[in-house]
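Peer 1: I need the structure of the sequence given here:
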Amino acid sequence: MRSAVHRLPVEGPLDLSLTFTCGQAFRWREEEGVWSGVVAGGEWRVAAEDGLLRVEARGRDPGADAIRRYLRLDESPELHLAHAEELRALPGFTDLLGMRLLRQEPWETLISFICSAASNVRKISNSVEGMAARWGEPIAGSDRRAFPAPAARARVRERERRAHG
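Peer 2: Prediction:
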C-alpha cells in the first residue's frame with residue numbers, strides 16, 4: 001500500500017465537518033473521526049491531531065504544499081474578514097469561520113455543479129461517488145477510485161450514464 005503522512009500546521013480556525021459537509025465538495029465522508037476524501041487521484045484521510053492536521057495520502061501523494069493549497073491551511077479565514085465588523089456582530093457568524101473554501105479541481109467541480117441542479121447534497125454525493133466507482137481509476141491502497149477524467153466520461157454512452165443515475 002502506497003501512502004504518505006503529512007502533519008501540517010493550520011492558520012486560524014478549521015472546522016473539518018463544516019468544510020466537508022457544507023455543499024461545496026461531495027466526495028468527503030467521516031469514519032470514526034477521520035474524514036476520507038478523494039482529491040487529485042488519491043484518497044486523503046484527514047483528522048485534527050495534537051494541534052496539527054494529519055493527512056494520510058493513499059495512492060498518489062500530491063505533497064504537503066498541494067494539501068495546504070487545497071485546504072487553504074496557510075490562510076486564516078479571519079484575515080479576509082478583518083474589515084467586516086458588521087458580519088462579526090451577526091449571531092452565529094463566528095461559528096462559520098472554521099469553514100474553508102476548498103481549492104477544488106475544476107473538472108470535478110464543474111460536473112458536481114451540473115449534478116447539483118435540482119438536487120440535494122446527499123444525492124449529489126452519491127452521484128459523484130457512483131461515477132468515480134464505475135468509471136474512475138483505482139487508487140493504490142484504497143477501496144475508492146479517482147474521479148474519471150474527461151476522456152473516460154466521454155467514452156460512456158448516455159444510456160449507460162442514465163442507467164447508473
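Peer 1: Figure out how far the host helix or strand of residue 53 is from the centre of its chain.
Peer 2: In this assignment (DSSP states H and E), residue 53 forms part of strand 52-59. Strand 52-59 has its C-alpha centroid displaced from the chain centroid by 13 Å (Cα atoms, centre = their mean, to the nearest Å).
Peer 1: ok, now stretch 136-151?
Peer 2: Relative to its parent chain, stretch 136-151 has a centroid offset of 15 Å by Cα atoms, centre = their mean.
Peer 1: quick revisit: the helix or strand just after the strand holding residue 53 packs against which elements?
Peer 2: Toward the C-terminus, strand 52-59 is succeeded by helix 64-71 as the next helix or strand (DSSP H and E). Contact analysis of helix 64-71 by 3 or more Cβ pairs under 8 Å, 6 or more residues apart in numbering; DSSP states H and E lists strand 3-8, strand 52-59 as its packing neighbours. (Glycine included, C-beta is placed from N, CA and C.)
Peer 1: quick check, distance from stretch 110-124 to the centre of its chain.
Peer 2: 15 Å.
Peer 1: correction: stretch 57-68
Peer 2: Distance of stretch 57-68 from its chain centroid, counting by Cα atoms, centre = their mean, is 13 Å.
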